[in-house]
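Engineer: got a predicted model here, sequence first, then my questions.
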Amino acid sequence: MEKRQLSDLAIFGGSPLFDSPRHVGRPNIGDRQRFMDRVADMFDRRWLTNNGPNVVEFEDRIAAITGAPHCIAVCNATIGLELLFKALALSGEVVVPSFSFVATAHALQWLGLTPVFCDVDIDTHTLDPTSVERSITANTSAILGVHTWGRSCKVTALQEIADRRGIRLIFDAAHAFGSSHEGQMIGSFGDAEVFSFHATKFLNSFEGGAITTRDGALADRLRSMRNFGFAGLDLVTSSGTNAKMTEISAAMGLTSLESMNEFVATNRKNYELYKVLLSDIPGLHLYELPHGEYLNFQYIVVRVDESTCGINRDDLVEILLSENIFARRYFYPGIHEMMPYRSDNQIARAKLPITELLTSQLFQLPTGTAMSEEDIRRVVGLLAFIVGNGSAASKLHAQTAKLAS
Ligand code: T4K
């Protein structure tokens, strides 16, 4: 239903704009027949997991795309991060942004490491090297950067700090497959990088991830530790876990790779359309991506300036939800506000002003192959209507919420 007055909004009793949800993170599905053929071959071979031919081919393809000499596919990025911390024998503290998905810190905490949260840069939303420098202590064993929204960290500055302080530099590249830093594909920076191929990523293997590195000895350790520490048929040479990617996941990954250019082109087209349409709405600012880099455009990130819009991010997102637009608040709250990390809350907050700002103002809109141009025009049309009536919508929302409670 198109909106003419505030009472037309679903939250105030009108019908939702969409009759089915429009999600952030709706999976892109490639050529179904190619996937089915791969599954049939897999059944014929009766080889379902443990370094099967699909996994080996998937690893080769990722290594070729990223330019990293070694790729180790894993069951998901969270386990991939844990495996990497173990293989690097990290200890004590690891400097990490609070502005990330909780998995980044959980992977550290799960292994008994202490995440030390530092702030991000206002423009890139990635680690601020000055804050990193301040967070390093005698107990720090590594810096863990996150290439947020598929945009690279300030890799050179971080590498310089890591080298000077004699610590490791690794990257959570969960968002960044297919992106580059100064023209070089993400995947071979630092000691190693970890990608995610979760269903919600623009390129998916249902669940899945991959660790890429230039370090051959590290790659050998990771391969063995991924498979319980086996180094031969009956030979276990280290501790290990089960982090293996299955053949059916790799079949999906391979099929997705065949459509990767198409997915990126669709994301880019959607981003450009959102950019043009949102530029007419005062107070809503689309996250600016850098020029001259490869990017996957998989997140549409918008910042709400309440003083201009007259409505805050949370009320806006609630109104969108009721219209069947499942906008997300990545990342909210900051990890330093979540359990089990929030004990030193006051101290953490004071250290993280940009994180505090971003976690209260950002939201993400649906994109990917499941969104049509018409869908995007309707989403932005609705945003223009809400912001155009921002303070009135906000007041009415507060009254309605009060009545309901
Ligand atoms: N580091 C960073 C920086 C990350 O962002 C992530 C994951 C990781 C590490 C860890 O990677 P993995 O271990 O997952 O490989 C989602 C994803 O689950 C998570 O992978 C992702 N980042 C994070 C940013 O977003 P949720 O809790 O919002 O996911 P979920 O399952 O609720 O899905 C989000 C939306 O997507 C839903 O509202 C509906 C839609 N959806 C989801 C699935 C699974 C579909 O339409 N179809 C589907 O099959 O965390």
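Structural biologist: Done, it's in. Residues are numbered from 1 along each chain as shown.
Engineer: by contact count, what packs against the strand of greatest length in the chain?
Structural biologist: Taking DSSP state E as the criterion, the chain has its longest strand at strand 140-146. Counting contacts by 3 or more Cβ pairs under 8 Å, 6 or more residues apart in numbering; DSSP states H and E, strand 140-146 is packed against strand 93-97, helix 103-110, helix 155-165, strand 168-172. Where C-beta positions appear, they are placed from N, C-alpha and C, glycine not excepted.
Engineer: and residue 295, how many neighbours?
Structural biologist: Residue 295 is flanked by 21 other residues according to other Cβ atoms under 10 Å.
Engineer: return the top helix by length along the chain as CSV; C-alpha atoms alone will do.
Structural biologist: When the chain is parsed with DSSP state H, its longest helix is helix 260-278. Output of helix 260-278 as CSV, limited to C-alpha atoms (Å, rounded to 0.1, in the frame of the first residue of the first chain):
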residue,chain,number,x,y,z
MET,A,260,30.1,-14.2,-8.9
ASN,A,261,30.5,-11.4,-11.5
GLU,A,262,26.7,-11.4,-12.0
PHE,A,263,26.1,-11.1,-8.2
VAL,A,264,28.6,-8.2,-7.9
ALA,A,265,27.1,-6.4,-11.0
THR,A,266,23.6,-6.7,-9.4
ASN,A,267,24.9,-5.4,-6.0
ARG,A,268,26.7,-2.5,-7.8
LYS,A,269,23.6,-1.6,-9.8
ASN,A,270,21.5,-1.7,-6.6
TYR,A,271,24.1,0.4,-4.7
GLU,A,272,24.2,3.1,-7.5
LEU,A,273,20.4,3.2,-7.5
TYR,A,274,20.2,3.6,-3.7
LYS,A,275,22.8,6.3,-4.0
VAL,A,276,20.9,8.4,-6.5
LEU,A,277,17.5,7.9,-4.7
LEU,A,278,18.8,8.4,-1.1
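Engineer: how much space between residue 170 and residue 281?
Structural biologist: 39 Å (Cβ to Cβ, to the nearest Å).
Engineer: same question for residue 200.
Structural biologist: 26 Å.
Engineer: quick one, which of the two is more surrounded?
Structural biologist: residue 281 (19 against 16).
Engineer: need the contact list for the closest residue to residue 23 other than its chain neighbours.
Structural biologist: Once flanking residues are discounted, residue 23 sits nearest to residue 326: 4.7 Å by Cβ to Cβ, 6 or more residues apart in numbering. By Cβ atoms under 8 Å, 6 or more residues apart in numbering, the contact list for residue 326 reads 21, 22, 23, 24, 320, 366.
Engineer: what do you get if the cut-off is 7 Å, keeping everything else the same?
Structural biologist: 21, 22, 23, 24, 366 (Cβ atoms under 7 Å, 6 or more residues apart in numbering).
Engineer: phi and psi next, for it.
Structural biologist: The phi and psi values for residue 326, taken as degrees, to the nearest 10, are phi -80, psi 70.
Engineer: ok, residue 362 next?
Structural biologist: phi -90, psi 150.
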